[in-house]
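Student: model the structure of this input:
(chains A, B and C)
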Amino acid sequence: MSTGTESDFVYFLYDLATYLLNGITQGSVYALVALGYTMVYGIIKLINFAHGEFYMIGAFIGFFCISSGMPLWMAFPCAMIGSGLVAVIIERMVYRPIRYAGRIPALITALGTSLFFQYFGQNTLGADPKAFPKVTDFENKTYQFGELFVSTNQIVIISTTFILMVFLYWLVNHTRTGKAMRATSFDKNAAELMGIDTNKIISFTFFVGASLAGAAGVLVGMYYNTVEPMMGLIPGLKAFVAAVLGGIGIIPGAVLGGLVLGIAENLVVGFWVSTYRDAIAFGILILILLLKPSGLLGKNRKEKV
Amino acid sequence: MDYIIHLALMSGIFIILAVSLNLINGICGQFSLGHAGFWAVGAYSAAAYSVYWAPPILDFLNLFIACGIGFITAAFAGILIGVPCLRLRGDYLAIATLGFGEIIRILIMNMDVIGGPRGFTGIPKWSNLFWVYLWVVITILFVVNLMRGTHGRAIISIREDEIAADSMGIYTFKYKTMAFVLGAGFAGIAGALFAHATQFLHPNGFTFMWSVIILLMIILGGLGSITGSVIGAIILTILPELLRFFGETVSQWRMVIYSLLLIVLMLWRPGGIFGKHELKIPFFGKKENA
Amino acid sequence: METVLETKNITMRFGGLVAVNNFSLKLGKTDLVGVIGPNGAGKTTIFNMITGIYEPTEGDVLLGNKSIVGDHVALITQQGICRTFQNIRLFKDLTVLDNIRLAGHFKMDYGVLASIFRTKKYHAEEARLKEEAMELLKIFKLDTKAHHLAKNLPYGEQRRLEIARALATKPNVLLLDEPAAGMNPNETKELTELIRWVRDHFQIAILLIEHDMKLVMEVCERIYVVDHGVQIAHGNPSEIQNNPKVVEAYLGVQDE
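Tutor: Residues are numbered from 1 along each chain as shown, chains lettered A, B, ... in the order given. All right, here's what the predicted structure looks like:
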């Protein structure tokens, strides 16, 4: 009897480790997308609904590049720059004219942009999921530690995410541009008076945010082996939840929120029911908004009267 | 002919949906993106009534009861969602309601008694033009009369300036919730009528996309304008059918056109076609302002 | 005189920042009292604590003899304190009449169903509300513009409408937050007379925050001076004008 329960416990630990690993992998992706949400919100107070679509665009650019035989180390930056450029164009054409019209019109515009990319993609690329081509740079092997299986893909996703985050941290905290970004997000008018070209900084923020989402898109394409035009909708919303969970506008918050959400989802799916996977994120959103709307790392602020 | 009747029926249902969403979004200024969720709750609960519990009485009485059930269940869902979410500021509320709308759909997907992912079949066809448009009239009269009373004015004041409204002794949270719950309830009635018109319900028929389409109807007509909502609902019900005349490919581009419409409206005419004004028919014009 | 409003050592902290420290004030039944102080001295925070927008970190606010700390903003208004705002918060897209009618909302005595079914009570109550509102508008010389949208009124009239709207809640205490902000000397002069007239006509207490020294000195019977959230002086206008502390903190700055 005792040995039975003991091995049950060991298996439980292996299960737990597997779900945690899956959760961290998925959470890394949420975190990458959430970073863009949080940066854009931090700087112009816009919930950029279309952010999930930058992730989809990144995935498709990666898909086409790799299909044409490009190695991953080249396809990856292509996808990042490509989705970054799309974001800059969208910001210039759509968000900039609406910036001073108030939050709700801006939100509706973002919603329209998001739908536009989804359905434009569906009509031009086809609605069916496409198989993501095999990456030529490395073979996706699975390593076994006892009963825990770790794949090369998981290692690539987690390590790439880590590198990108370190890079972003450096960019925001240790460069002139980063300083200008922080200044703009703190007080746009004051930043302008100090001679910062805030329009340029906002464009740049969109570029960085969207290229991180694009990177996440390629990673997810590799991980799940499929891409489709609607793939940005749900992960986009979940990344938003992650951003709110960590405290919107706060960069480390987005990472924390992404990881917490990824792990929570995988634990619930693993130990409870899988059909409610997509409901968890929204449940967390409601909880956090009720208990601490400023997010895990945020400070409570009062509205000025 | 059947086709035209069906279109008229759907227009009526969408008028109810648009007017009820306008109560929340346009009149009260609370930005909800979960209207399809309330529509679904009303549709499924009313359908469950007529499939499982309906006594053998006259059809229109049963339909009336089904509409009542649709209203009550959707309004109840509105309380569950509204009370926690309405404390939030505009853009957060939008995402939270969107999330709730999706949760509702996922819950339905997981309920086998009402068909789950297979869809809910065997719903009797009780809706017809007369009953649908009777409810259209009831909905519009309800909202218009509400707006002309002190409670309606309180609801509007929240859209104008919530802090000022509080400072004038108005319990804004109460009126926000009232607008939200009533809006949800009427969406539930639209759901009941819809279920008994199409006789088949599927969770994927109530996706987030439909919340956006209803939103587009009221934005097109003008946030806050009842006549605008009516016209917006009719245009967007008929437009896809007109597009069909240009062939399947054009019809496929419907959502692309809608999304562009949404962007273009926001950029060039954020007030919608009518703004906050009502299209006045001289005969019905109110005398109060004379 | 009977005290209608009293704040007892109210303190407001935002994190580490002390916006208002131990502020006490007494307001008699028909007092006309001013609170002055340099920018950022915590004047509006005092108003926000009295009206319930912020809950004081410490201290008590008494209306009559009852503590109103923790009451909802709307409930405080219903108990008899009403205010205007520094940067005019009218219901801009509603008519002048509707702005006033909304202030009478909480005294309306009919339910939602009564307005849906247009009952007798609905008509009677609405008629009463409209009559009272029009009367008030006449006093403030806005009755001819009752059906104009609030946002279309000239600035001075918007200020006047905001005061009228606050009075429509029938308060015992009226708080005016920089009513002369943005006004030209002529408008300010009219306002001075209006404030005094409102106090005499409605027999209420008025507490006023103002930057315009001339207006405060002319209209207020007593003045509290705050600087950095602390009360540094209290007295009648001539006492305040001759108080070296005040001159240093506030008037001195102006003279330079």
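
Student: now do the contacts for A:Leu233.
Tutor: A:Gly52, A:Ser114, A:Gln118, B:Phe208 (Cβ atoms under 8 Å, 6 or more residues apart in numbering or on different chains). No exception for glycine: its C-beta is placed from N, CA and C like everyone else's.

Student: who wins for neighbours among those residues?
Tutor: Top of the contacts of A:Leu233 by neighbour number is A:Gly52, holding 29 neighbours under the definition other Cβ atoms under 10 Å in any protein chain shown.

Student: confirm that it sits in a helix.
Tutor: Yes - assigned with DSSP: H, G, I helix; E, B strand; the rest coil, A:Gly52 falls within a helix.

Student: pretty sure it sits against A:Val241.
Tutor: No - contact criterion Cβ atoms under 8 Å: A:Gly52 and A:Val241 do not qualify, at 11.7 Å.

Student: now tell me what touches the one helix or strand B:Val264 maps to from outside.
Tutor: Element membership of B:Val264 [criterion: DSSP states H and E] is helix B:254-268. With contacts defined as Cβ under 8 Å, 6+ apart, helix B:254-268 is touched by A:94, A:97-98, A:101, A:105, A:108-109, A:111-116, A:118-120, A:122-123, B:209, B:212-213, B:216, B:219-220, B:236, B:239-240, B:243, B:272.

Student: up against chain A, what does chain C have?
Tutor: C:Phe14, C:Gly15, C:Thr44, C:Asn48, C:Ile53, C:Tyr54, C:Phe85 (Cβ under 8 Å from any Cβ of the partner chain).

Student: the third one: which element?
Tutor: Spelled out, it's C:Thr44. Applying DSSP H and E, one finds C:Thr44 within helix C:43-50.

Student: wait, does the next helix or strand after that helix contact chain B?
Tutor: The helix or strand immediately downstream of helix C:43-50 is strand C:58-63, counting by DSSP H and E. No - legend: contact between strand C:58-63 and chain B by Cβ under 8 Å from any Cβ is lacking; minimum distance shown is 13.8 Å.

Student: where along the stretch 201-305 of chain A do the strands fall?
Tutor: A:226-227 (DSSP state E, counting those that start in this stretch).

Student: the stretch 151-290 of chain B now?
Tutor: Using DSSP E, counting those that start in this stretch, strands in the stretch 151-290 of chain B do not occur.

Student: return the residues of it in contact with chain C.
Tutor: So far as Cβ under 8 Å from any Cβ goes, the stretch 151-290 of chain B lies against chain C at B:151-154, B:156-157, B:160-161, B:163-172, B:178, B:276, B:289.

Student: out of those, which are buried?
Tutor: When these are checked for burial by 16 or more other Cβ atoms under 10 Å in any protein chain shown, the buried set is B:151-154, B:156-157, B:160-161, B:163-172, B:178, B:276.

Student: center of chain A - which residue?
Tutor: A:Val33 (1.2 Å; Cα atoms, centre = their mean).

Student: nearest spatial neighbour of that residue, chain-adjacent residues omitted?
Tutor: With sequence-adjacent residues excluded and distances taken as Cβ to Cβ, 6 or more residues apart in numbering or on different chains, A:Val33 is closest to A:Ala239, at 3.5 Å.

Student: with C:Arg222 instead?
Tutor: C:Val33 (4.9 Å).

Student: what about the residue of the stretch 101-250 of chain A at minimum distance from chain C, distance to chain B?
Tutor: Proximity of the stretch 101-250 of chain A to chain C (Cβ to the nearest Cβ) peaks at A:Gly102, 13.2 Å away. Look at A:Gly102 and chain B: by Cβ to the nearest Cβ, to the nearest Å, they are 9 Å apart.

Student: residues near that residue, how many?
Tutor: If we define neighbours as other Cβ under 10 Å, then A:Gly102 has 11 of them.

Student: need the pLDDT of it.
Tutor: Here the pLDDT value assigned to A:Gly102 is 79.

Student: tell me the contacts of A:Glu265?
Tutor: A:Gly23, A:Gln26, A:Arg277, A:Ile280, A:Ala281.

Student: show me the residues around B:Ile106 that make contact.
Tutor: With Cβ under 8 Å, 6+ apart, B:Ile106 has these contacts: A:Thr275, A:Tyr276, A:Asp278, A:Ala279.

Student: wait, a helix at it?
Tutor: Yes - under three-state DSSP, B:Ile106 sits within a helix.

Student: can you check the pLDDT for it?
Tutor: 88.

Student: the residue nearest to B:Gly185 when sequence neighbours are not counted: how many residues sit nearby?
Tutor: With sequence-adjacent residues excluded and distances taken as Cβ to Cβ, 6+ apart, B:Gly185 is closest to B:Ala75, at 3.6 Å. Look at B:Ala75: counted by other Cβ under 10 Å, it has 24 neighbours.

Student: show residues contacting stretch A:177-192.
Tutor: Under Cβ under 8 Å, 6+ apart, the answer for stretch A:177-192 is A:39, A:42-43, A:170-172, A:194, A:196, A:198, A:201-202, A:204-205, A:249.

Student: so A:Glu147 touches A:Tyr11, yeah?
Tutor: Yes - contact criterion Cβ under 8 Å: A:Glu147 and A:Tyr11 qualify, at 7.0 Å.

Student: list the contacts of the residue lying farthest from the centre of chain C.
Tutor: The C-alpha centroid of chain C is most remote from C:Phe117, which lies 37.0 Å away (Cα atoms, centre = their mean). Neighbour list for C:Phe117: B:Asn145 [criterion: Cβ under 8 Å, 6+ apart].

Student: how would you label C:Ser24: helix, strand or coil?
Tutor: Assignment for C:Ser24 (three-state DSSP): strand.

Student: give me the pLDDT value at A:Ile108.
Tutor: pLDDT, read off for A:Ile108, is 89.

Student: how distant is the helix or strand where it lies from the center of its chain?
Tutor: In this structure, A:Ile108 sits in helix A:103-125 according to DSSP H and E. Computed by Cα atoms, centre = their mean, to the nearest Å, the chain-centroid distance of helix A:103-125 equals 18 Å.

Student: burial of the closest residue to chain C within the stretch 151-300 of chain A, as a residue count?
Tutor: The nearest approach of the stretch 151-300 of chain A to chain C comes at A:Lys299, 7.4 Å away (Cβ to the nearest Cβ). When neighbours are defined as other Cβ under 10 Å, A:Lys299 has 9 of them.

Student: skipping adjacent residues, who's closest to it in space?
Tutor: C:Gly15 (7.4 Å).

Student: correct me if wrong: the one you found contacts C:Thr57.
Tutor: No - under the criterion of Cβ under 8 Å, C:Gly15 makes no contact with C:Thr57, lying 10.8 Å away.

Student: who has more neighbours, these two?
Tutor: Shown here are C:Gly15 and C:Thr57; by other Cβ under 10 Å, C:Thr57 has more neighbours (15 against 8).

Student: correct me, but the more buried one touches C:Gly16?
Tutor: No - using Cβ under 8 Å, C:Thr57 makes no contact with C:Gly16, being 12.0 Å away.

Student: can I get the contacts of A:Glu265 in JSON lines including distance to chain C?
Tutor: Shown next, in JSON lines, are these (distance: Cβ to the nearest Cβ, whole Å):
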{"residue": "A:Gly23", "distance to chain C": "34"}
{"residue": "A:Gln26", "distance to chain C": "36"}
{"residue": "A:Arg277", "distance to chain C": "39"}
{"residue": "A:Ile280", "distance to chain C": "33"}
{"residue": "A:Ala281", "distance to chain C": "31"}
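
Student: buried only: go through those for me.
Tutor: Here, 16+ other Cβ under 10 Å leaves A:Gly23, A:Gln26, A:Ile280, A:Ala281 buried among those.

Student: my assumption is that the first one lies in a helix; please confirm.
Tutor: Yes - counting by three-state DSSP, A:Gly23 is located in a helix.
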